[in-house]
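Engineer: Build me a model:
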Amino acid sequence: MSRDNIAVRFGRRLRYLREKAGLSQGEMAHQFGIDRGNISEWENAKVSPSMPMLETLATGFKITISELMKGV
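Structural biologist: All right, here's what the predicted structure looks like:
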């Protein structure tokens with residue numbers, strides 16, 4: 001598996017979780033305390049989040065990092 005494939009799969013997973021939570025990118029950014037531009041870049045596989053950011057995302061969704069990465 002290439003890094004790009006992982007980034008694409010993570011982006012799809014993040015968008016799924018965000019939409020399942022009923023959040024826009026802006027709402028998610030505000031609630032999680034992160035930049036909306038980062039969310040867009042992750043969802044569009046332009047960059048990958050750091051490990052500390054994965055922890056922030058998992059905490060924001062109230063799931064484990066394993067659940068966050070499910071299917072990635």
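Engineer: any low-confidence regions in this structure?
Structural biologist: Counting by pLDDT under 70, the chain contains low-confidence ranges at 1-4.
Engineer: Kindly provide the distance from the most centrally placed residue in it to Pro49.
Structural biologist: The residue lying closest to the centre of the chain (Cα atoms, centre = their mean) is Leu14, at 3.7 Å. Leu14 is 8 Å from Pro49, where distance means Cβ to Cβ, to the nearest Å. The C-beta positions use only the backbone N, C-alpha and C, and glycine is treated the same way.
Engineer: Overlap of the contact sets of these two?
Structural biologist: Shared contacts of Leu14 and Pro49, defined by Cβ atoms under 8 Å, 6 or more residues apart in numbering, are found at 42, 57.
Engineer: I figured the residue nearest to the centre of the chain hits Glu43, correct?
Structural biologist: Yes. In this structure, Leu14 is within contact of Glu43 by Cβ atoms under 8 Å, at 5.5 Å.
Engineer: what's next to the helix ranked longest in the chain, contact-wise?
Structural biologist: Taking DSSP state H as the assignment, the helix of the chain that covers the most residues is helix 3-20. When contacts are taken as Cβ under 8 Å, 6+ apart, the neighbours of helix 3-20 outside the stretch itself are 25, 28, 39, 42-49, 57, 61, 63, 68-72.
Engineer: Can you tell me which of these are buried?
Structural biologist: Neighbour counting over those (16 or more other Cβ atoms under 10 Å) leaves 25, 28, 39, 42-43, 45, 49, 57, 61, 68-69 as the buried ones.
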